[in-house]
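*Asks:* Structure for this input, please:
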Amino acid sequence: MKLEIEDWLPKSVILLRHYDRHKFVSDLIAGVTVGLVALPLAMAFAIASGVPPQAGLYCAIVTGFLISALGGSKTQIGGPTGAFVVVVAGIIAKHGIDGLFMCTMMAGVLLVLLGVTGMGAMVKYFPRPVVVGFTNGIAILIASTQIRDFFGLKMDHVPGDFFHRMVAFARAWNTFSMPATAVSIFSIAVMIFCLKYAKKIPGAILVTFGAAAAVILFHMNLETIGTRFGGIPKGLPTIVVPKFHYDVFRQLLSSAFTVAMLGAIESLMSAVVSDRMSNDKHNPNVELIGQGVANILSPLFGGLPATGAIARTATNVRSGAKTPVAGMIHALTLLAIILFAAPLVKSVPLAALASILMIVAYNMGDW
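*Replies:* Numbers count the residues shown, from 1 in each chain. As a prediction, this is how the structure comes out:
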């Protein structure tokens, strides 16, 4: 009976039995580090999905905390990821933001059912060519959505499908901004340098705060989070229950299944990466239950769908994380930024965020 109970306990409950001050210090350093890394990524994924940047931050806070607290992995970091960008943008274009929230909650319920019924172990049987083809396709689409901000093109509307989008970019090519392009190229160079020669320095953090400082000090004429979105609202998000409509519910079933399966595959792939780096073994069914609960609650705070984030998970492990407490601290770090430093974020140029997503797109593909 004891073994059966252990099989359904979150990893946080199991590991906190032997928690001490040394582990907390390691988790604190790792949590703050990965929280700072998650800041530009969460905003960039939200903007690429067609929603305000705070939606990505709310998602990272709520789901990041819950996935660590309730999941079955020791060092998994949850939050918005690049894999959802194209799916989310498509749902919003067809059903609006309420449709996205409804779809996310439906996907959360499906993930909980997958975990409760023991289907977590079955996800590993998905053919690798299908997973590789899907992620590479998503990577190309993500990169294509960032061309406007990367080059500072003047466009009122960006088409939703790939081919019309590329045609629109070609027509607007003569409007490109030299300052925006320079910031983008310099940002790419800085991140590549950090990846190759200074791996302990998170390039995304350096680019985000460095570009924001450049905008403030040199009064650069660049489009920023403040000029396009009015900045990040200071304070906690309000809880709003999405409106459910039966007709929309039926239309969203296929999208909810896509979000659930994509979330399950990516979260378990990320958990495997975490296992290899931290010499641990995750519980796939408990992990899916944690992911499901997080996705059910994320829309209540205006958040996006979430799953395990491989790059942030790897950063968490490399930074010395010992338990899921690091993931909870990462969420609290983002919460502290929203509460006390939200006005500073408005100066971050969109060209820098586009550069970060270009690197993310390249890294997520299996070329």
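
*Asks:* the strands in the protein, which residues?
*Replies:* In the chain, the segments counted as strands under DSSP state E are 78-79, 307-308.

*Asks:* got the residue ranges for the helices in the stretch 1-150 of the chain?
*Replies:* Using DSSP state H, counting those that start in this stretch, the helices of the stretch 1-150 of the chain run over 2-7, 11-15, 21-49, 53-70, 85-116, 128-145, 147-151.

*Asks:* would you list these in JSON lines and tack on mean pLDDT and distance to Phe244?
*Replies:* For the C-beta atoms, the positions are set from N, CA and C on the backbone; glycine is no exception. Below are these laid out as JSON lines (pLDDT from 0 to 100; distance: least, Cβ to Cβ, whole Å):
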{"stretch": "helix 2-7", "mean pLDDT": "67", "distance to Phe244": "33"}
{"stretch": "helix 11-15", "mean pLDDT": "92", "distance to Phe244": "31"}
{"stretch": "helix 21-49", "mean pLDDT": "91", "distance to Phe244": "22"}
{"stretch": "helix 53-70", "mean pLDDT": "95", "distance to Phe244": "20"}
{"stretch": "helix 85-116", "mean pLDDT": "92", "distance to Phe244": "6"}
{"stretch": "helix 128-145", "mean pLDDT": "80", "distance to Phe244": "28"}
{"stretch": "helix 147-151", "mean pLDDT": "93", "distance to Phe244": "34"}
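
*Asks:* nearest residue to the most centrally placed residue in the chain other than its sequence neighbours?
*Replies:* By Cα atoms, centre = their mean, the chain has its centre lying nearest to Pro80, at 2.4 Å. Leaving out its chain neighbours, the residue that sits closest to Pro80 by Cβ to Cβ, 6 or more residues apart in numbering is Phe45, at 4.3 Å.

*Asks:* wait, the one you found sits on Ala83?
*Replies:* No. Counting by Cβ atoms under 8 Å, Phe45 sits too far from Ala83 to count as a contact (9.6 Å).

*Asks:* Compare those two and say which is more crowded by neighbours.
*Replies:* Each of Phe45 and Ala83 has its neighbours counted (other Cβ atoms under 10 Å); Phe45 has more, 31 against 24.

*Asks:* how near is Leu262 to His219?
*Replies:* Distance of Leu262 to His219, given as Cβ to Cβ, to the nearest Å: 42 Å.

*Asks:* Please say which of these two ends up with more neighbours.
*Replies:* Applying other Cβ under 10 Å to Leu262 and His219 shows that Leu262 carries more neighbours, namely 21 against 8.

*Asks:* residue contacts, the spatially closest residue to that one that is not a sequence neighbour?
*Replies:* Closest residue in space to Leu262, ignoring its immediate chain neighbours: Ala83 at 5.7 Å, by Cβ to Cβ, 6+ apart. Ala83 makes contact with Thr135, Ile138, Leu262, Glu266, Thr307, Met364 under the criterion Cβ atoms under 8 Å, 6 or more residues apart in numbering.

*Asks:* Could you do Ser73 as well?
*Replies:* Ser73 sits next to Lys11, Ser270, Ala271, Ser274, Asp275, Asp280, His282, Asn283, Glu287, Gly308, Pro324 when contact means Cβ under 8 Å, 6+ apart.

*Asks:* Go again with 6 Å.
*Replies:* If a contact means Cβ atoms under 6 Å, 6 or more residues apart in numbering, then Ser73 has Lys11, Ala271, Ser274, His282, Glu287 as its contacts.

*Asks:* Number of residues surrounding Ser274?
*Replies:* By other Cβ under 10 Å, 24 other residues sit near Ser274.

*Asks:* ok, back up a step: for Ile201, which of the strands of the chain is the nearest?
*Replies:* Of all those, it is strand 78-79 that lies closest to Ile201, at 21.2 Å by Cβ to Cβ.

*Asks:* So, low pLDDT: which residues of the stretch 151-300 of the chain?
*Replies:* Scanning the stretch 151-300 of the chain for pLDDT under 70 picks out 160.

*Asks:* before we move on, back to that, which of the contacts of Ala83 tops the neighbour count?
*Replies:* In terms of neighbour count, Thr307 stands highest of the contacts of Ala83 at 30 neighbours, by other Cβ under 10 Å.

*Asks:* From Ser278, how far out is the closest residue to Val286 other than its chain neighbours?
*Replies:* Sequence neighbours aside, Gly72 is the residue nearest to Val286 in space, at 3.3 Å (criterion: Cβ to Cβ, 6+ apart). According to Cβ to Cβ, Gly72 and Ser278 sit 13 Å apart.

*Asks:* Likewise for Ser68?
*Replies:* When distance is defined by Cβ to Cβ, Ser68 is 14 Å away from Ser278.

*Asks:* neighbour-wise, which of the two wins?
*Replies:* Ser68 (31 against 18).

*Asks:* Understood, closing this out.
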